[in-house]
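Engineer: starting from these lines, generate the structure:
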Amino acid sequence: MLQKILVLCTGNSCRSQIAEGYLRYFAKDKAEVFSAGVETHGVNPKAIETMKEDGINIAHHTSNHIDEYRHLDFDFVITVCDNAKERCPFFPANARKFHYNFPDPAKATGTEDEIRQEFSRVRVLIKAYCEKFVKENII
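Structural biologist: Next up, the predicted model:
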């Protein structure tokens, strides 16, 4: 049976979308990966763009609310921002919980190039975290 992973963030627009993309990539067919937010803000176009730069297409992802997944029994719940960790509702499951507070690239300011660099910087952090997570917990 495939293990189920849920990645949670505030708006399910950036960090959780990037993490979902990398977890799917590294886990391949060994896990089902979902992402959600305590709110839904839509998938950030810059998150789609920064993932495309690394060869991963998340353009088909949707921004989902955590309530949509209440019926699923997750093996892992990963919160990728402090706000989601604090507001994360109780899941009546035996899910192992993980937390890492990644910076929010959507809050980056400056020129387009500076903002793109921040998205890339955060993408690299999330990629490393996801690769390590899969190696230690899935494969």
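Engineer: now the element after the helix or strand of the chain with the lowest mean pLDDT, going C-ward?
Structural biologist: The helix or strand of the chain with the poorest confidence is helix 82-87; it has a mean of 71 (mean pLDDT, DSSP states H and E). Counting by DSSP states H and E, the element after helix 82-87 in chain order, helix or strand, is strand 96-99.
Engineer: what average pLDDT does that following strand get?
Structural biologist: The average pLDDT for strand 96-99 rounds to 91.
Engineer: got a list of contacts for it?
Structural biologist: 75-80, 85, 133, 137 (C-beta atoms under 8 Å, 6 or more residues apart in numbering). In this view, the C-beta of every residue, glycine as well, is placed from N, C-alpha and C.
Engineer: of these, buried ones?
Structural biologist: Buried by 16 or more other C-beta atoms under 10 Å: 75-80, 85, 133, 137, out of the contacts of strand 96-99.
Engineer: just give me the least confident of those residues.
Structural biologist: Across the buried ones among the contacts of strand 96-99, the smallest pLDDT goes to K85, namely 68.
Engineer: for the residue nearest to the spatial centre of the chain, what are its contacts?
Structural biologist: Centroid-nearest residue in the chain, with C-alpha atoms, centre = their mean: S16, separated by 2.1 Å. By C-beta under 8 Å, 6+ apart, S16 lies in contact with 7-9, 35-37, 80, 84.
Engineer: which of those residues fall in strands?
Structural biologist: 7-9, 35-37 (DSSP state E).
Engineer: for A108, phi and psi?
Structural biologist: Dihedral pair for A108: phi -60, psi 140, per degrees, to the nearest 10.
Engineer: residues contacting it?
Structural biologist: For A108, counting by C-beta under 8 Å, 6+ apart, the contacting residues are 114-115, 118-119.
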